[in-house]
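Enquirer: with the input below, show me the fold.
(one chain, ligands or ions: 2)
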Amino acid sequence: MSTDARTGPAPSPTGPLSTIDYSERIPNNVNLAGDRRLQRALEGWQPKFLDWWKQLGPALPTEDVYLRTAIAVGRDGWAHFDHVPMEEYRWGIFLAELDPDRTVAFGKHKGEPVWQEVPGEHRADLMRLIVVQGDTEPASVEQQRVLGSNAPSLYDLRNLFQVNVEEGRHLWAMVYLLHAYFGPEGRREADQLLKRNSGDLDSPRILGAFNEETTDWLQFFMFTHFTDRDGKYQLGTLKESAFDPLARTCKFMLKEEAHHMFVGTTGVQRTVERTAELMREHGTDDIFEHGGIPLAVIQKYLSFQFSVSMDLFGSEQSTNAGNYYSSGLKGRWMETRRKDDHVLLEAERSMNLVEDGRFVKKTVPMLSALNLDLRDEYVEDCSHGVRRWNQALEEAGLDGRLVLPHEGFNRAVGVYAKHHVSPQGEVLDEATWQARRSEWLPSDGDRAAVAELMVPEYEAGKFAGWIAPPQSGINEQPVEFDYVHLRDEGLA
Ligand SMILES: [Fe+2]
Ligand SMILES: [Fe+2]
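Expert: Numbering: from 1, shown residues only. Ligands and ions are numbered 1, 2, ... in the order given. Predicted coordinates:
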């Protein structure tokens, strides 16, 4: 007999409509029970997902974790919090509410009703967009697999696992679309999403930043601040899609994504706060020996993660991006709030590039530069976090500041890929770049010194010495709440 409340009906949502049915094997608000074929196909994929989770999901053995689970997709009260064994997390398929009057907001189909099915002519492109997005979701779980072994607190450990289960759910979201709308080919792609693995030499993840190792918690926080934020912007463009199931899926994913960035932004903030405290206490910048991470090293981590995340936006100029826009597959960030014709056939913009060792500006058709348009929005958003972190330094009475490096710094994709640019924006020759790169990017020595500080702190309410405690706990629980029960603890 099951006494587990999570397998019964969902708690009543306080928000509007679209309750998720938890009595089913795969929780969903898409009436999966009404489509037996699809339901069976997804139930066939579920064990493969669980195998993957066991093999490449969080490595630290836990009894249960204080997690939030979606219960309804309305604006309020969509989440339920409880201690849950992670492998029993109710991964499911949740789409934002259907808006029956929604029309295409941009491109050549502007004003027409949105599509509930995939138009044949856009099938390949849409599937590719979904596969690339889907590939990033399990990749980050793989990258973060071992971080549980040296979490700075139970609070942070819980946040890591929350991010991990939700990235798992985002994979479900993309797999649902592949299964529901792309036939046998979609099912094959869904299987491939579990077969490519982060950093695997033979079958790596599709995008570069998702094959980088997440070496330590500072990098995890930088990743969730900068790389999950790339996710936010990609989802923001897909949320505008004329293909309505994709739009609704991404709209709901964005709600979960907000927490991931919160984890990153506040994680870096707390690291900076502790650094500032140690700098004042000891009157020196070199605080490794006092158990903190020097500001200069935090800056290097920042510069690294920002630059690899910038690469995720692709080339500044892209015919594909323009075509996706014109055909309605992918919009711009905040498309409906833009004050222009939403077709962009006449529009132009300026972009930077390097010519003969100098920066020049050139005017290009807007439609060709939509990746750059999105990236600019992203950079602006990133800078808010940096401002926040600097406020902590200012409040501590310190002169040092963190900065976003120049857009051309350490780039492997786009117009800067063949050039070396310093964080301050000088074009450098190869020799200078090689001589100075360890001033700007984390060296092996920096990473080793940070790694040495990464000692686990699993006593409720305690924090490792390199990071300050948060202002408040999760879901109004106290900071010293027992957010995670480790496996050994449970047996005691
Ligand atoms: Fe995600
Ligand atoms: Fe995320």
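Enquirer: tell me which residue in the stretch 201-350 of the chain sits closest to ligand 1.
Expert: Across the stretch 201-350 of the chain, no residue is closer to ligand 1 than Gly231, which sits at 5.1 Å (CB to the ion). Every residue, glycine included, has its C-beta placed from N, CA and C.
Enquirer: residue contacts, the nearest residue to that residue once chain neighbours are set aside?
Expert: Nearest residue to Gly231 in three dimensions, chain neighbours excluded: Glu257, at 5.8 Å (CB to CB, 6 or more residues apart in numbering). Glu257 sits next to 228, 231-232, 235 when contact means CB atoms under 8 Å, 6 or more residues apart in numbering.
Enquirer: which one of those is nearest to Ala72?
Expert: Comparing the contacts of Glu257 against Ala72 with CB to CB places Leu235 closest, at 19.9 Å.
Enquirer: now the phi/psi pair for Ala347, please.
Expert: The phi/psi pair for Ala347 (degrees, to the nearest 10) reads phi -70, psi 150.
Enquirer: find the nearest non-adjacent residue to it, please.
Expert: Closest residue to Ala347 apart from its sequence neighbours, by CB to CB, 6+ apart: Met366 at 3.6 Å.
Enquirer: that neighbour: neighbour count?
Expert: 19 (other CB atoms under 10 Å).
Enquirer: now Glu395
Expert: The burial count for Glu395: 10, using other CB under 10 Å.
Enquirer: on the pLDDT front, check it for me.
Expert: Looking at Glu395, its pLDDT is 95.
Enquirer: gap between it and Glu277?
Expert: Distance, Glu395 to Glu277, by CB to CB, to the nearest Å: 11 Å.
Enquirer: how about the residues of the protein by ligand 1?
Expert: Selection of the chain residues close to ligand 1 by CB under 5 Å from the ion yields 137, 167, 170.
Enquirer: any idea how far the second one lies from ligand 2?
Expert: Okay, so that is Glu167. Noted for Glu167: a distance of 6 Å to ligand 2, by CB to the ion, to the nearest Å.
Enquirer: I figured that residue hits Pro138, correct?
Expert: Yes. Taking CB atoms under 8 Å as the definition, Glu167 is a contact partner of Pro138 at 6.8 Å.
Enquirer: settle it for me: which of those two has more neighbours?
Expert: Neighbours per residue (other CB under 10 Å) separate Glu167 from Pro138, with Pro138 holding more: 28 against 25.
Enquirer: touching, that one and Lys195? I think so.
Expert: No. The pair Pro138 / Lys195 is not scored as a contact, 10.3 Å apart, by CB under 8 Å.
Enquirer: any weak-confidence spans in this protein?
Expert: Confidence mapping of the chain against pLDDT under 70 gives the ranges 1-23, 73-77, 489-492.
Enquirer: show me where it has strands.
Expert: Assigned by DSSP state E, the chain shows strands spanning 62-70, 79-84, 348-355, 358-365, 420-421, 427-428, 484-486.
Enquirer: what helices or strands is the longest one leaning on?
Expert: On a contact count with 3 or more CB pairs under 8 Å, 6 or more residues apart in numbering; DSSP states H and E, strand 62-70 meets strand 79-84, helix 154-181, strand 484-486, helix 487-491.
Enquirer: from Tyr181, how far out is Glu394?
Expert: 51 Å.
Enquirer: and what of Gln234?
Expert: Remark: distance between Gln234 and Tyr181 (CB to CB) = 19 Å.
Enquirer: point me to the residue of this protein nearest ligand 1.
Expert: For the chain and ligand 1, the shortest gap (CB to the ion) falls at His170, measuring 3.7 Å.
Enquirer: got the contact list for that residue?
Expert: 134, 137, 253, 256.
Enquirer: excluding sequence neighbours, find me the nearest residue to Leu238.
Expert: Distances taken as CB to CB, 6+ apart put Cys250 closest to Leu238, at 4.3 Å, once the chain neighbours are dropped.
Enquirer: burial of the one you found, as a residue count?
Expert: Count around Cys250 with other CB under 10 Å applied: 26.
Enquirer: wait, it sits on Phe243?
Expert: No. With contact defined as CB under 8 Å, Cys250 does not count as touching Phe243 (10.3 Å).
Enquirer: do I have it right that Val427 meets Lys418?
Expert: No. Counting by CB under 8 Å, Val427 sits too far from Lys418 to count as a contact (11.0 Å).
Enquirer: more crowded one of those two?
Expert: Remark: of Val427 and Lys418, Val427 carries more neighbours, 19 against 9, as counted by other CB under 10 Å.
Enquirer: quick check: nearest residue in space to the more buried one, chain neighbours excluded?
Expert: The shortest distance from Val427 to any non-neighbouring residue, by CB to CB, 6+ apart, is to Gly357 (5.1 Å).
Enquirer: could you list every residue that touches Asp340?
Expert: Listed by CB under 8 Å, 6+ apart, the contact partners of Asp340 are Ala347.
Enquirer: sorry, slip of the keys, the one I care about is Phe252.
Expert: Contacts of Phe252 (CB under 8 Å, 6+ apart): 70, 73, 94-96, 173.
Enquirer: looking at the contacts of His170, which are in helices?
Expert: 134, 137, 253, 256 (DSSP state H).
Enquirer: right, I'll call it a day here.
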